[in-house]
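**Student:** Curious how this folds, go ahead:
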Amino acid sequence: MRREPVDIKAMALFLTVAFLAAGVLGALQPATRIPGEVIQLTQFGPALGVGLAALLWPGRVREVLAGPEPDRRGRGVLLLVTAPVIIALSVLAYAVLTGDAHSARPGAPFLLIAVAQLIGACGEEIGWRCFLQPLLRTRLGPLAASVTVGVAWGVWHVQVFARHPVYAGAFITAAVSMSVVMGWALEGVRASRLLLAGGFHALINLGMLLFMDEESGAVLPMVLFGASCLAAAGLWTWRSVGRQGSAGSSAPAKIPPVMDDVR
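**Tutor:** As a prediction, the model looks like this:
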């Protein structure tokens, strides 16, 4: 039943593969001629990290992906609503400050983009929110685990560091803040964890694609997006800490074990 050495090795392996695989997949994307607005192949780096961990520690990975006890519901709709609210706040702030509301027409059919974005988002979230977050949650409180995952997730987008430092800082702020939102919303959720995290992630990506021009490297849209995400994270933390204080402690979560592959 010695889980700690396995968990540390699994986390290290996951992060190594997620970073390296994303780099390789990103380099291969131009050869596939798949437009980046449809899907980014780098999004499957975390899924490959989970897959390799599952080959080495199948039982433990199954436990983690199954999620902690108990299986709570009721926050999924609020999480999915939070994504368009973040985009709306960003767009509104941009329009107020510049007098212009940005909108773009994708080059590919929107339905294709929406489906591909959901698949790509799930490729990421099976690693970040369904694997790394539960592993860290067995040792840390929900906020600390979410911030840690958010930092790793933000740094994983290494391409942002080629942008203006303010742009990069705003992106990391957005990544950590979105991780906090998802961390609180998915606390104790099991069965629907991947679809909820992937849905939130995909809605954010679609909103940014349609209404923001941060991909151009413009600093202001990213700063406003980061600020909107930070506001959402603050509200989720205020609401969740209050509920948690009345319901119980933020003790590390227990992941129900399976009987095989316990090392």
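
**Student:** Now do the strands in the stretch 1-150 of the chain.
**Tutor:** In the stretch 1-150 of the chain, no strands are defined using DSSP state E, counting those that start in this stretch.

**Student:** mind listing the helices for the stretch 101-250 of the chain?
**Tutor:** Remark: helices assigned in the stretch 101-250 of the chain by DSSP state H, counting those that start in this stretch are 110-127, 133-137, 142-156, 165-185, 193-211, 219-247.

**Student:** how about CSV for these, with distance to residue 47 and mean pLDDT added?
**Tutor:** To be clear about C-beta, it is placed using only N, CA and C from the backbone, and glycine gets the same treatment. Converted to CSV, the helices of the stretch 101-250 of the chain look like this (distance: least, C-beta to C-beta, whole Å; pLDDT from 0 to 100):
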stretch, distance to residue 47, mean pLDDT
helix 110-127, 4, 96
helix 133-137, 15, 94
helix 142-156, 13, 97
helix 165-185, 17, 97
helix 193-211, 11, 95
helix 219-247, 24, 88
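
**Student:** Could you say which of the ones you listed is packed most deeply?
**Tutor:** Among the helices of the stretch 101-250 of the chain, the stretch with the highest mean neighbour count (mean count of other C-beta atoms under 10 Å) is helix 133-137, at a mean of 25.

**Student:** Using CSV, write out every CA atom in that one.
**Tutor:** C-alpha atoms of helix 133-137 as CSV (Å, rounded to 0.1, in the frame of the first residue of the first chain):
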residue,chain,number,x,y,z
GLN,A,133,-4.9,17.3,-9.8
PRO,A,134,-6.2,14.2,-8.0
LEU,A,135,-2.7,13.0,-7.3
LEU,A,136,-1.7,16.4,-5.8
ARG,A,137,-5.1,16.6,-4.0
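
**Student:** still on that earlier bit, rebuild the helices of the stretch 101-250 of the chain as JSON lines, extending it with distance to residue 84.
**Tutor:** Output for those, formatted as JSON lines (distance: least, C-beta to C-beta, whole Å):
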{"stretch": "helix 110-127", "distance to residue 84": "13"}
{"stretch": "helix 133-137", "distance to residue 84": "23"}
{"stretch": "helix 142-156", "distance to residue 84": "20"}
{"stretch": "helix 165-185", "distance to residue 84": "13"}
{"stretch": "helix 193-211", "distance to residue 84": "6"}
{"stretch": "helix 219-247", "distance to residue 84": "11"}
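
**Student:** Out of those helices, flag the one nearest residue 103.
**Tutor:** Evaluated over the helices of the stretch 101-250 of the chain, closeness to residue 103 peaks at helix 193-211, with 5.7 Å, by C-beta to C-beta.

**Student:** how close does residue 161 get to residue 209?
**Tutor:** 22 Å (C-beta to C-beta, to the nearest Å).

**Student:** How about residue 87: what's its closest non-neighbour residue?
**Tutor:** The shortest distance from residue 87 to any non-neighbouring residue, by C-beta to C-beta, 6 or more residues apart in numbering, is to residue 207 (3.3 Å).

**Student:** list the contacts for the one you found?
**Tutor:** Contact analysis of residue 207 by C-beta atoms under 8 Å, 6 or more residues apart in numbering lists 83, 84, 86, 87.
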